[in-house]
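Student: Fold the following for me, if possible:
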Amino acid sequence: MKIKELEKKLNSITSDDLNFTVKEEKEKRIATKLNGDTLDLEQIYKGEIIIYTGRKKYKEELLKIMPPHKKFDFWYVDTETTACLFDTTALVAYINILKIVLKFLEEKNKEK
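Tutor: Numbers count the residues shown, from 1 in each chain. Below is the predicted model of the structure:
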């Protein structure tokens, strides 16, 4: 499954005002994030796939699909995000998102 196909499948399960954007990192780098009074440094890996969700201009990172690197020789999902509170409607959508991501991961891990 390609990145655009993943994005299309994710957008097919939501309402018109909520959408997903999927981006793939093209190079390994260190990113900075302002977190309250501190500046956090984060390792970004080449091939890392970030799924953003939101309405119109507001976007929030939902999860990352991580490529093999260092000690991990398989693709995996990193769900460290601020999007962690779900009502019954949102929880069903999140479960459907994870089902799509699972298929993506299964395909990536078979490619090895």
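Student: List the neighbouring strands of the worst-scoring helix or strand of the chain on mean pLDDT plus their orientation.
Tutor: One helix or strand of the chain scores below all others by mean pLDDT, DSSP states H and E: strand 29-35, with a mean of 84. Next to strand 29-35 in the sheet, as set by DSSP bridges, lie strand 38-44 (antiparallel).
Student: moving C-terminal of the partner strand, what's the next helix or strand?
Tutor: strand 49-55 (DSSP states H and E).
Student: buried sites along that following strand?
Tutor: Buried residues in strand 49-55, defined by neighbour count with 16 or more other CB atoms under 10 Å: 49-54. From N, CA and C alone the C-beta is placed, and that goes for glycine too.
Student: Could you do stretch 5-15 as well?
Tutor: 6-7, 9-10.
Student: chain center to that stretch: distance?
Tutor: 13 Å (CA atoms, centre = their mean, to the nearest Å).
Student: And the average pLDDT for that stretch is what?
Tutor: In this model, stretch 5-15 has a mean pLDDT of 89.
Student: Restricting to C-alpha, output that stretch in PDB.
Tutor: Taking C-alpha atoms only, stretch 5-15 is exported to PDB below (Å, rounded to 0.1, in the frame of the first residue of the first chain):
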ATOM      1  CA  GLU A   5      -3.600   5.000  -0.800                       C
ATOM      2  CA  LEU A   6      -3.200   5.000   3.000                       C
ATOM      3  CA  GLU A   7      -4.400   8.600   3.100                       C
ATOM      4  CA  LYS A   8      -7.300   7.900   0.800                       C
ATOM      5  CA  LYS A   9      -8.500   4.900   2.900                       C
ATOM      6  CA  LEU A  10      -8.200   6.900   6.100                       C
ATOM      7  CA  ASN A  11     -10.200   9.800   4.600                       C
ATOM      8  CA  SER A  12     -12.900   7.400   3.500                       C
ATOM      9  CA  ILE A  13     -14.000   6.600   7.100                       C
ATOM     10  CA  THR A  14     -14.500  10.200   8.300                       C
ATOM     11  CA  SER A  15     -16.900  13.000   7.900                       C
END
